[in-house]
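1. Here you go, sequence then predicted model.
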Amino acid sequence: MTRLDTGVAPPAATSRRPAHTARVPLPLLLPALLGLVFLILPVIGLLARVPWATLPQRLTSSEVLEALRLSVLTATLATLGCLVLGVPLAWMLSRVTFPGRRFVRALITVPLVLPPVVGGIALLLALGRRGLVGQWLDTNFGFTLPFTTAGVVVAESFVALPFLVISVEGALRGADARYEEAAATLGASRWTTFTHVTLPLVGPGIAAGAVLCWARALGEFGATITFAGNFPGITQTMPLAVYQTMESGDLEGAVVLSLILLVVSVTVLAALRDRWLTAP
C-alpha cells in the first residue's frame, strides 16, 4: 500500500532547546554568581567552624536540650494558635467583601516589616502589666504574660501569624470556587461547605503556611527577648541561647546551637520543596 499524498506539508521540526539554556550575558552572570556566593559563604563559614569532635557531647548537654525542648514546644503552640486564628482570617479576606478590607490586609502584614524589637515593645504596651489589656488582666485575674512561657508563645504568634494568613489566603484565592457553589446549591450550610469542601481544597496551602509559621516562630528572637525575657527553662529559646552563649565568649557552643537552627531551616525548605521550589 502506498502512502497517500494529502498535499499538506508536514509540520516543521521545532527546536526543543529550552530557553533557559541560552547563553547568559556576562553582565548578568557575574552579579548572579556573586549573589549566590554571598548567600552560601556564611553557611560554609558556619559549617567550617563546627566542633565535630565534641558535637555529640554538646548536643546532649542539658542547656541545649532544654532550649530545644522549649523552642519546639512554644513554636508548636504558637502555630496551633495561628491556625485557629489565621485560617478564619484568611477565609474572611478572600471570601467576604467589607469596607476597609485592603486596610485590614495591610495591617496583617505589618509584623512582616516591623522590627521584631519594636513588636516586642508594642506587645509590652498592649499586654504588659501596665498595658492596655494587660493591666486589666493583672487587676481582675492576676494573670500576666511578660517574662513567662506563655509570653514566648504570644510573641512568636505575633510575628508568625502573617506567614500563615498570606499563604492560606493565596490558596483560597487560587481554589476553584465552583465546588463551594455546588455545595451551597445542594443545600450545604456555610459551615459545612467550609469544613467539607473548602478546607480539603486548600489543605496543601494550610500545611505550607503552618510549616512557614512554625519555622518563623522557632527562629524568633527580638520580640521574644523584649516581651518575655531570657530566662533558662522558662523563656530561653534556641535563638536566645545562641545570643547568650555568644555573649559569654563560647563561640563553639554558639556554633552548635546555630547548626541546629540551620538544620531545621533546611528541613523546612525540603518540606516546602514541592510547593515553593518547583522550578527545575
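-> Structure's in. What do you need?
2. for residue 24, phi and psi?
-> Backbone geometry at residue 24, expressed as degrees, to the nearest 10, gives phi -90, psi 130.
3. Distance-wise, check the residue lying closest to it once chain neighbours are set aside relative to residue 41.
-> The spatially closest residue to residue 24, leaving aside those adjacent along the chain, is residue 32, at 7.8 Å (C-beta to C-beta, 6 or more residues apart in numbering). (Each C-beta comes from the backbone N, C-alpha and C, glycine too.) Distance, residue 32 to residue 41, by C-beta to C-beta, to the nearest Å: 15 Å.
4. Would you tell me what helix or strand residue 205 is located in?
-> According to DSSP states H and E, residue 205 maps onto helix 203-218.
5. Using PDB, list the CA coordinates for the next helix or strand after that helix.
-> Next helix or strand after helix 203-218 toward the C-terminus (DSSP H and E): helix 222-227. Written as PDB, here are the backbone C-alpha positions of helix 222-227 (Å, rounded to 0.1, in the frame of the first residue of the first chain):
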ATOM      1  CA  GLY A 222      13.700  40.200  69.000                       C
ATOM      2  CA  ALA A 223      10.100  40.200  70.100                       C
ATOM      3  CA  THR A 224      10.700  37.300  72.400                       C
ATOM      4  CA  ILE A 225      13.600  38.700  74.300                       C
ATOM      5  CA  THR A 226      11.900  42.100  74.600                       C
ATOM      6  CA  PHE A 227       8.500  40.800  75.700                       C
END
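6. Show residues contacting the following helix or strand past helix 222-227.
-> Remark: after helix 222-227, the chain's next helix or strand is helix 238-247, criterion DSSP H and E. Contacts to helix 238-247, defined as C-beta atoms under 8 Å, 6 or more residues apart in numbering, come from residues 63-64, 67-68, 71, 218-221, 224-225, 230, 236, 253-254, 257-258, 260-261.
7. same thing but at 10 Å, please
-> Here helix 238-247 makes contact (C-beta atoms under 10 Å, 6 or more residues apart in numbering) with 63-64, 66-72, 75, 152, 218-222, 224-225, 228-232, 236, 250-258, 260-261, 264.
8. Can you mark which positions in that helix are buried?
-> The neighbour-count check on helix 238-247 (16 or more other C-beta atoms under 10 Å) flags 238, 239, 240, 241, 242, 243, 244, 245 as buried.
9. What sits closest to the most centrally placed residue in the chain if chain neighbours are left out?
-> The centre of the chain sits closest to residue 212, judged by C-alpha atoms, centre = their mean, with a distance of 2.4 Å. Spatial nearest neighbour of residue 212, excluding adjacent residues (C-beta to C-beta, 6+ apart): residue 163 at 4.4 Å.
10. packing partners for the helix or strand containing residue 76?
-> Residue 76 belongs to helix 62-95 when assigned by DSSP H and E. If you count contacts as 3 or more C-beta pairs under 10 Å, 6 or more residues apart in numbering; DSSP states H and E, helix 62-95 packs onto helix 55-59, helix 101-108, helix 149-174, helix 203-218, helix 238-247, helix 251-271.
11. Mind listing what's buried along the fourth one?
-> Read it as helix 203-218. Buried residues in helix 203-218, defined by neighbour count with 16+ other C-beta under 10 Å: 205-218.
12. Verify the contact between the residue nearest to the centre of the chain and residue 159 for me.
-> No: with contacts counted by C-beta atoms under 10 Å, residue 212 stays clear of residue 159, the gap being 11.8 Å.
13. re earlier: from the buried residues of helix 238-247, which is closest to residue 132?
-> Of all the buried residues of helix 238-247, residue 132 sits closest to residue 240, with 26.2 Å by C-beta to C-beta.
14. which SS class is residue 188?
-> Of the three states, residue 188 takes coil under DSSP: H, G, I helix; E, B strand; the rest coil.
15. contacting residues for residue 205?
-> 87, 90, 164, 167-175, 275.
16. and if we set it to 6 Å?
-> Neighbour list for residue 205: 167, 168, 171 [criterion: C-beta atoms under 6 Å, 6 or more residues apart in numbering].
17. which one of the residues you listed has the most neighbours?
-> The most crowded member of the contacts of residue 205, judged by other C-beta atoms under 10 Å, is residue 168 (28 neighbours).
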